[in-house]
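**Q** Next comes the sequence, and after it the predicted model I'd like to discuss.
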There are 4 protein chains.
Amino acid sequence: MKLNWGMIGGGEGSQIGPAHRLGAQADGLFTLAAAALDADGAKGRAYAQRLGVAPARAYGDWREMLAGERGRAERVDLVTVATPNATHFEITKAFLEAGFHVLCEKPMTMSVEEGEEIVRIARASGRICAVNYCYSAYPMVREMREMVARGDLGRIRLVVTNFSHGHHGNAADADNPRVRWRYDPAMAGVSGQFADCGIHALHMASFITGDQVEKLSADFASTIAGRALEDDAMVNFRMIGGAVGRLWTSSVAIGRQHGFDIQVFGEAGGLAWASEQPDQVYYTPVGGRKQIIEKGEAGLSDEAARLSRVPVAHPEGFPLAVANIYVDLAAAIRGEARDGLPLAEDGLRSMAAVAAAVDSARAKGAWVDARPPMLR
Amino acid sequence: MKLNWGMIGGGEGSQIGPAHRLGAQADGLFTLAAAALDADGAKGRAYAQRLGVAPARAYGDWREMLAGERGRAERVDLVTVATPNATHFEITKAFLEAGFHVLCEKPMTMSVEEGEEIVRIARASGRICAVNYCYSAYPMVREMREMVARGDLGRIRLVVTNFSHGHHGNAADADNPRVRWRYDPAMAGVSGQFADCGIHALHMASFITGDQVEKLSADFASTIAGRALEDDAMVNFRMIGGAVGRLWTSSVAIGRQHGFDIQVFGEAGGLAWASEQPDQVYYTPVGGRKQIIEKGEAGLSDEAARLSRVPVAHPEGFPLAVANIYVDLAAAIRGEARDGLPLAEDGLRSMAAVAAAVDSARAKGAWVDARPPMLR
Amino acid sequence: MKLNWGMIGGGEGSQIGPAHRLGAQADGLFTLAAAALDADGAKGRAYAQRLGVAPARAYGDWREMLAGERGRAERVDLVTVATPNATHFEITKAFLEAGFHVLCEKPMTMSVEEGEEIVRIARASGRICAVNYCYSAYPMVREMREMVARGDLGRIRLVVTNFSHGHHGNAADADNPRVRWRYDPAMAGVSGQFADCGIHALHMASFITGDQVEKLSADFASTIAGRALEDDAMVNFRMIGGAVGRLWTSSVAIGRQHGFDIQVFGEAGGLAWASEQPDQVYYTPVGGRKQIIEKGEAGLSDEAARLSRVPVAHPEGFPLAVANIYVDLAAAIRGEARDGLPLAEDGLRSMAAVAAAVDSARAKGAWVDARPPMLR
Amino acid sequence: MKLNWGMIGGGEGSQIGPAHRLGAQADGLFTLAAAALDADGAKGRAYAQRLGVAPARAYGDWREMLAGERGRAERVDLVTVATPNATHFEITKAFLEAGFHVLCEKPMTMSVEEGEEIVRIARASGRICAVNYCYSAYPMVREMREMVARGDLGRIRLVVTNFSHGHHGNAADADNPRVRWRYDPAMAGVSGQFADCGIHALHMASFITGDQVEKLSADFASTIAGRALEDDAMVNFRMIGGAVGRLWTSSVAIGRQHGFDIQVFGEAGGLAWASEQPDQVYYTPVGGRKQIIEKGEAGLSDEAARLSRVPVAHPEGFPLAVANIYVDLAAAIRGEARDGLPLAEDGLRSMAAVAAAVDSARAKGAWVDARPPMLR
């Protein structure tokens, strides 16, 4: 039986909405049963119905949806929160407290304190609170994680990751609302580009290595006049196990499209992966030749195989990485363990890293503990 | 409202089944309502039910499904035929004659005569008979077609296309049934690799240029002992508008994974595209620099924009190209014109090209008319 | 001691002259001691002197140079012939007959008969007559040849090679003399693009596999109005050992710069190399992963190591491939065997292939013996 | 007339020696007239003679060479210093003071003080003291510099450069003398990888932008036990004109071969270049598409054209970049201005940057003035 799915935010014209709808539905695991898609209640209701939601469950806002779903016998099994960042906390909190499983878009909250509260609530409720670090669900990212876990790279020495694009590099876009809010503390909080993209890269570093960031030193820059928040950041970090980290993120790197990549170097070899060609991993054993590992080839880990759908060299794409998050959610909702699923703790760690980076940048690069107090 | 969809073939473990299920369901356009998925009726029924098909519509074979669906008030709106090649003709014929819309896997039939019969039936029935030339549904392939149509390349002089892989290059696989049948005339018909992969490339040449193949000259080779059919073929062709064509296809090109690419050269510029990186087109205007056109960037044609779902540089992948076939099918079923949809005429043209290539290869490369008699 | 070198043709502004001067001098093996560089004798004399040639040996034309050098005690050890194609035969013949070693630019002659005559003269004289198939002197091309020779690929099944560019793709260049002569039979002979670039690719196929072309079938096209010779050609061939060959060459492939590449497929693996990135070979063992072999890495063949100069991943470039021809020439002049050096027989084979391709193209692709009569 | 050239260091088996010999001789501009090639005097003398140096000028060490050449009427026009780093200062100083032009390998000196002394001597002597930042002499690097200078990128916001390889990533090489000395302060000085490779990247940032580094913050790591100096470093910097800089350098990035690349982002566009494919620049105007600029194409700057030798898409390689340094040196020796030539001031700036980075790393990333006192 399909699970019932509810969506909050991600209305018509949103960037992330289509990826969630594709992700939840591609494998036939979830049916969109309830939705509050838009800040404009009437628009949201109409769009939800065009997407097949019954009129009674096409809500005008999330509170209405909470009230409506809470009382139903067959209420939604999962709620996805894809609203503006500043609202993630209260919506996620409310649904968790009401006993729903939640998938929250990143950033999960706007502060470490809120993040700790979500973790506490999730733990107390026994509900799943997942966070959409979807890049970690690409089959070949899982393959890298498995390779590290089984020791193919030996002790990890160094992780280098970039998430840099140029889509905010045009100063003439200063008044474009899609760009402007990212650099407005009232809407974006204490960090611009690092909170937007950098935390994906930092999560990936932890995800692949199976280790956590201990401390960091950040250098923030606003390269376009009038931006109160950084549009370019460099973060050096150290992981608990001793690995060195380098993370560059930028939104003014004109010519880079979706420049998210990661390199992991251990004593026995190196790995490289880039999100624009997600089906290949470049692996070099120490003293040996570079090899290209292909999604779908024979001999991959069970984890990579489980999350692939079509034969080798048929690209699977971003929406199916999001779909893999839903695959793992469906399993987890049914009670199966899925240790690759990014959870509230991961969302909290990102908030602690953002806070630490902001503090460090203000202190001219001083090294700051990056761990959330409750997870030290 | 979702359309009801029926699937024949594509059972558990099949290569193409998942792509169709993802394709039909990703956008929430179709619900799998009926199915006859497996040559083993019991297995097929059980799998269909696990996929959510009601027991009454989980059929043991296509005849049972035809009988069952024909009489229903809410019968399926579309039937996908993804069975072994030799059965495509009779199943497609039967469903078209019974008034169903059909999406048939390629090759549509095993002969030109069968192909002509399907075209006649489809025309007489007024039903849609589409053929799954899914590569033509990638947004950037549509973009290339639009560019040619609006004259960006001027008169087309030359089309060069390859569809070569190495997955049948291991002689030790001679008894692997997944490989062997491809080179057994009893199962594969008159052609091996050209009929399997070459016709995708030939379709693409016509699709992008908006022109048809007039005649061809073929050189076939069986590079592994014991193969009765070709595992490597070179086909030179001429299009009606005068363009020269070069098509190489191979299954013994060890190291190539899914080496389908196409280059189109006109008097005003050149285009290059490869299926392993389907979101980019390389465009060089005559006398100018090579440019990289990205799926999802601003300024693309309506057609490319319509068939994209996530932002620039978020790869969309193969299953969503298949999904685009279903997008156009859903529209066509609802009565909207979709001129990019590959139809029975395209399936027939492929069969004529296969027959011509086989004749040419036997005649040491003599030039042979490649057009089906009824479409000359 | 440096060898004394003489150059004929390759004057100021020529495309190939600089590559020869770099090639002969880069390793300090040859000193430019005599030259007849230009059809305009005065210009040639002046330029030679600017290049450091003594006035007495800065000649006005090749006959003057032959007369002058023939009588000298310390005459030049090697003469490079880099004049217009139609003059290669008589100049090469004259210098060989006078006892000079010669490096002739390709094509060595304009006909098979001339080619056979050069071979006879070279054999009779005991002089070296080399032909500048310089791509075969890249270290990684030598590596591929060694890999095939020692059996890494097993029996060779298939060779696929392209040499296609777009530099003659602008119809507006019709009157550009640098382009026009290529398609004028009075200057270029019986073939345009195939004789210009295709023979490099065909030589490479033989060079790497250690086998020769037995027969071929050609399809020629002139895609720009007014061209008497082909600007695009496809040649299918068979090698004596049974390997299948595919060769595409074009000068109207707009967007391709110097698109010379080769793929070699055997029963035990595949290789791929491209001239625009000459320091890497892509090698895939059957059933294994693609590996990148790098020029300069540890463990390469002696032959590849011998012809490399700078560390791994420091690109060596085209002029040093030409220099490798001179390295082997210097050794051969000193009496050491160099079996990689392309010789008059190779030049003759190219002429036979051109003649066969022209015959085949006129006969609509009929298969024609491609071997020179004297080498069958 | 050729210039007379003397070489110190770069004996048989050295890595950098061949590049200098190719560089000086490829264009026929210099003749190797004197040499002291090896710490082992007898070996050096013998090798020099094998390279064609007259016995009288094949010296046992640099002091002997200085004494010998100083007195000659036709003394060498240029001395290249390619000895171990710690000796650069005294040799360069001695030859400058004796009135020779010098090309010194990097690093020019081991300290800022020494660097300032060389600058003073060079200025006082009127002799050229060049430093071999050879990457800046690639034609396409010159093209980028010209593009920035003429404003194609507008104000520069950001420079991101990496010079990371994995050749010191094998812990088992700890006792390999070719690796060990790099991390031994007694031989390498205060910095390992940053002083070895990082300063190339930092020089390039200044070279392309035409600006200088003002201050920097460094994070150093020694990822292999027992290394007293860093094998991985991240340096953030600010240029005088306000541009932000990011520089990552590593010798333990297993799988990277010669991973030197640079990206320059301005308000009007972005550039990207990588040393492993030095003939292409990727250029994206703001709001436009990525374009590939090719060495040798029509329409490049005079500077790029002047330093190219063979046609478009014929790779020129690393030795010819070194040769371009010699081209500019030959011109400068003859009294022509060559503003692209890296000089003692550039060598000094590198030493100041190394000192600043070491200070910053010790002070946990504190920002440190990176300018040499005498050039502030």
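**A** Right, received. Where do you want to start?

**Q** mind listing the strands for the stretch 101-250 of chain A?
**A** Assigned by DSSP state E, counting those that start in this stretch, the stretch 101-250 of chain A shows strands spanning A:101-104, A:129-131, A:156-164, A:213-221, A:232-239, A:244-250.

**Q** State the mean pLDDT of the third one.
**A** Strand A:156-164 shows a mean pLDDT of 98.

**Q** just the fourth one next, same as before
**A** Throughout strand A:213-221, pLDDT has a mean value of 98.

**Q** I'd like the strands of the stretch 101-250 of chain A as JSON lines, with distance to A:Tyr138 appended.
**A** Backbone N, C-alpha and C define where each C-beta goes, glycine included. Shown next, in JSON lines, are those (distance: least, C-beta to C-beta, whole Å):
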{"stretch": "strand A:101-104", "distance to A:Tyr138": "17"}
{"stretch": "strand A:129-131", "distance to A:Tyr138": "16"}
{"stretch": "strand A:156-164", "distance to A:Tyr138": "14"}
{"stretch": "strand A:213-221", "distance to A:Tyr138": "21"}
{"stretch": "strand A:232-239", "distance to A:Tyr138": "21"}
{"stretch": "strand A:244-250", "distance to A:Tyr138": "19"}
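
**Q** tell me the contacts of the most centrally placed residue in chain A?
**A** Nearest to the geometric centre of chain A sits A:Tyr133, at 2.2 Å (C-alpha atoms, centre = their mean). Residues near A:Tyr133 by C-beta atoms under 8 Å, 6 or more residues apart in numbering or on different chains: A:106, A:200, A:203-204, A:207, A:342, A:346.

**Q** and these as TSV, adding neighbour count?
**A** Formatted as TSV, the contacts of A:Tyr133 follow (neighbours: other C-beta atoms under 10 Å in any protein chain shown):
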residue	neighbour count
A:Lys106	22
A:His200	22
A:His203	23
A:Met204	27
A:Phe207	22
A:Pro342	27
A:Asp346	24
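
**Q** Can you give me the neighbour number for A:Ala124?
**A** 10 (other C-beta atoms under 10 Å in any protein chain shown).

**Q** could you measure it against A:Leu96, distance?
**A** Note on A:Ala124: its distance to A:Leu96, by C-beta to C-beta, to the nearest Å, is 9 Å.

**Q** and chain A, which residues reach chain C?
**A** Residues of chain A found near chain C (C-beta under 8 Å from any C-beta of the partner chain) are A:289-294, A:297.

**Q** Can you find the helix or strand in chain A with the smallest mean pLDDT?
**A** Least confident helix or strand, chain A: helix A:177-180 with a mean of 91, by mean pLDDT, DSSP states H and E.

**Q** Can you list phi and psi of the residue nearest to A:Gln15 when sequence neighbours are not counted for me?
**A** Sequence neighbours aside, B:Pro311 is the residue nearest to A:Gln15 in space, at 5.6 Å (criterion: C-beta to C-beta, 6 or more residues apart in numbering or on different chains). Dihedral pair for B:Pro311: phi -60, psi 170, per degrees, to the nearest 10.

**Q** so B:Pro311 touches B:Gly296, yeah?
**A** Yes - using C-beta atoms under 8 Å, B:Pro311 is in contact with B:Gly296, at 5.4 Å.

**Q** tell me which parts of chain A are close to chain B?
**A** With C-beta under 8 Å from any C-beta as the criterion, chain A comes near chain B at residues A:1-2, A:15, A:18-19, A:21-22, A:25-28, A:32, A:51-52, A:165, A:257-258, A:276-278, A:294, A:309-320.

**Q** Does the least confident helix or strand of chain A reach chain D?
**A** No - using C-beta under 8 Å from any C-beta, helix A:177-180 never reaches chain D; the gap is at least 12.9 Å.

**Q** For the residue nearest to A:Gln15, report the pLDDT, please.
**A** Taking B:Pro311 on its own, its pLDDT is 94.

**Q** mind listing what it touches?
**A** Contact analysis of B:Pro311 by C-beta under 8 Å, 6+ apart lists A:15, A:258, B:296.

**Q** How much space separates it from A:Pro84?
**A** 17 Å.

**Q** Longest helix in chain A, by number of residues?
**A** Looking across chain A with DSSP state H, the single longest helix is helix A:344-362.

**Q** pull the CA atoms of the least confident helix or strand of chain A into CSV?
**A** Output of helix A:177-180 as CSV, limited to C-alpha atoms (Å, rounded to 0.1, in the frame of the first residue of the first chain):
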residue,chain,number,x,y,z
PRO,A,177,13.7,39.2,-4.8
ARG,A,178,14.8,35.6,-5.5
VAL,A,179,18.4,36.8,-4.9
ARG,A,180,18.0,39.6,-2.5
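
**Q** Identify each buried residue in it, please.
**A** A:179-180 (16 or more other C-beta atoms under 10 Å in any protein chain shown).

**Q** who's in contact with it?
**A** Here helix A:177-180 has contacts from A:167-168, A:173-174, using C-beta under 8 Å, 6+ apart.

**Q** where do the helices sit along chain A?
**A** A:17-25, A:41-50, A:62-70, A:88-97, A:112-125, A:139-149, A:177-180, A:185-188, A:193, A:199-209, A:302-306, A:317-333, A:344-362.

**Q** Could you dump the ones you listed into a markdown table and include distance to B:Thr249?
**A** Below are those laid out as a markdown table (distance: least, C-beta to C-beta, whole Å):
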| stretch | distance to B:Thr249 |
| --- | --- |
| helix A:17-25 | 32 |
| helix A:41-50 | 43 |
| helix A:62-70 | 53 |
| helix A:88-97 | 51 |
| helix A:112-125 | 54 |
| helix A:139-149 | 28 |
| helix A:177-180 | 45 |
| helix A:185-188 | 52 |
| helix A:193 | 46 |
| helix A:199-209 | 38 |
| helix A:302-306 | 28 |
| helix A:317-333 | 25 |
| helix A:344-362 | 46 |
